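*Asks:* fold the stuff below for me.
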Amino acid sequence: MTISLKSQLTQHLQQIIRERDPYLASEGHFYVREYIRQQLQQWGTVITDEFEQRGKKHQNLILNLPGISKSKNSIIVIGAHYDAVPGCPGADDNGTGVAALLELAKAIAEHPLKYPVQCVAFDLEEFGFLGSQHYAESLKQQNQSIRLMLSLEMLGYCNPNPNSQKYPPGLKYFYPNCGDYIALIGNLKTIPDLIRISRGIRQTKTPCQWLPVPNRGIMVPDTRRSDQVPFWDLGYAAIMVTDTANLRNPHYHQPTDTLETLDLDFLAGVCQGLLAGLRRL
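*Replies:* Now for the predicted structure:
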């Protein structure tokens with residue numbers, strides 16, 4: 001893990017961590033959206049995908065990055081939501097996901113993947129994945145082939161203590177009780193990619209666990225809690241990358257979700273590992 005990656009992630013987080021509910025903290029919401037736009041613009045034209053909710057216009061921000069292989073028409077979508085719940089500065093949820101998205105965009109722009117990549121900052125995840133739903137539906141209408149969608153959802157909270165990790169019913173028998181790993185949750189068609197990406201992450205000495213879920217995750221509602229859900233529902237291959245939110249992080253949706261609670265070495269390892277995993281696809 002490079003010192004510079006950790007410091008870059010920290011710089012992003014210092015700009016992103018603030019109240020940014022789109023209705024009750026609209027100034028912070030606007031500031032973070034424009035910060036994301038400004039960062040992504042360094043690597044190409046940022047497209048604004050606009051949609052309306054409650055009489056207000058909202059924006060997903062999209063950066064298209066070309067792939068090395070001219071024969072690859074399928075795209076990889078990497079997304080993270082930038083809104084937060086009221087009263088919460090949203091360091092882990094989802095400042096960490098956005099910071100990782102910005103650094104992945106930079107790394108992929110400098111050294112492209114085989115596949116073309118879309119880096120997307122989604123709005124209104126906290127209102128029921130409205131931004132990602134709007135975007136996934138528009139891709140479906142365009143008959144866009146998607147190689148894989150990755151939802152970056154809370155990547156920076158780590159607790160190595162025994163019994164620090166909780167699980168939905170039945171899963172605790174199969175996974176560690178220490179919350180010191182990053183989790184990959186995918187639908188069944190992503191199993192080969194879950195294996196490839198988890199190997200890339202473990203290369204960087206970051207512990208990783210993966211879980212394939214059938215039937216769009218309906219049997220395990222805790223898996224249906226981020227922007228991969230609209231992609232699952234439309235039949236696309238999609239994976240949520242997560243530190244498991246409230247199953248580990250006591251600051252989830254609280255005013256205490258601050259920079260000081262994050263493990264920035266862990267976050268940098270996850271970011272580096274995801275890049276290594278994506279290069280295996």
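
*Asks:* phi, psi for His81 please.
*Replies:* As for His81, its main-chain torsions (degrees, to the nearest 10) stand at phi -90, psi 140.

*Asks:* how about Val117?
*Replies:* phi -120, psi 140.

*Asks:* what residues are bridge-paired with it?
*Replies:* Leu65, Ile76 (DSSP bridges).

*Asks:* what is the burial count for it?
*Replies:* 24 (other CB atoms under 10 Å). From N, CA and C alone the C-beta is placed, and that goes for glycine too.

*Asks:* which residues touch it?
*Replies:* Listed by CB atoms under 8 Å, 6 or more residues apart in numbering, the contact set of Val117 reads 64-65, 67, 75-78, 108.

*Asks:* give me that answer again for 10 Å
*Replies:* Contact partners of Val117, counting by CB atoms under 10 Å, 6 or more residues apart in numbering, are 63-67, 75-78, 104-105, 108-109, 147, 150, 278.

*Asks:* and if you look at Ala276?
*Replies:* 196-197, 199-204, 206.

*Asks:* from the chain's centroid, how far away is the helix or strand hosting Leu148?
*Replies:* Following DSSP states H and E, one finds Leu148 within strand 146-153. Centroid displacement of strand 146-153 relative to its chain, using CA atoms, centre = their mean, to the nearest Å, is 8 Å.

*Asks:* which stretches of this protein form strands?
*Replies:* 46-53, 56-65, 75-81, 117-122, 146-153, 182-187, 208-213, 238-242 (DSSP state E).

*Asks:* which one among the contacts of Val117 gets closest to Leu124?
*Replies:* Closest to Leu124 out of the contacts of Val117 is Val77 (17.0 Å), distances taken as CB to CB.

*Asks:* from Gln144, how far off is the closest one?
*Replies:* As judged by CB to CB, to the nearest Å, Val77 and Gln144 stand 9 Å apart.

*Asks:* now Glu27
*Replies:* With CB to CB as the criterion, Glu27 and Gln144 are 34 Å apart.

*Asks:* the two: which has the busier surroundings?
*Replies:* Each of Glu27 and Gln144 has its neighbours counted (other CB under 10 Å); Gln144 has more, 15 against 10.

*Asks:* ok, the closest residue in space to the more buried one that isn't next to it in sequence - contacts?
*Replies:* Spatial nearest neighbour of Gln144, excluding adjacent residues (CB to CB, 6 or more residues apart in numbering): Ile75 at 6.7 Å. Contacts for Ile75 (CB under 10 Å, 6+ apart) come out as 64-65, 67, 115-118, 139, 144-149.

*Asks:* how about Ile201?
*Replies:* By CB under 10 Å, 6+ apart, the neighbours of Ile201 are 181-182, 184, 207-210, 241, 269-277.

*Asks:* hang on, the earlier thing: give me the common contacts of Val77 and Gln144.
*Replies:* Joint contacts of Val77 and Gln144 (CB under 10 Å, 6+ apart) are 118, 136, 236.

*Asks:* which pLDDT does the model give the residue nearest to Gln144?
*Replies:* Model confidence at Ile75, given as pLDDT, is 97.

*Asks:* distance of it relative to Pro66?
*Replies:* 10 Å.

*Asks:* do Pro168 as well
*Replies:* Relative to Pro66, and taking CB to CB, Pro168 is found at 39 Å.

*Asks:* and for the residue nearest to Asp49 when sequence neighbours are not counted, the neighbour number?
*Replies:* Leaving aside its chain neighbours, Asp49 sits nearest to Asn60 (4.1 Å; criterion: CB to CB, 6+ apart). By the criterion of other CB under 10 Å, Asn60 has 25 neighbours.

*Asks:* most neighbours out of the contacts of Val117, which is it?
*Replies:* Ranked by neighbour count (other CB under 10 Å), the contacts of Val117 have Leu150 at the top, with 30 neighbours.

*Asks:* switch the shared contacts of Val77 and Gln144 over to a markdown table; also include distance to Arg216.
*Replies:* A markdown table is the format used below for those (distance: CB to CB, whole Å):
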| residue | distance to Arg216 |
| --- | --- |
| Gln118 | 22 |
| Ala136 | 13 |
| Tyr236 | 11 |
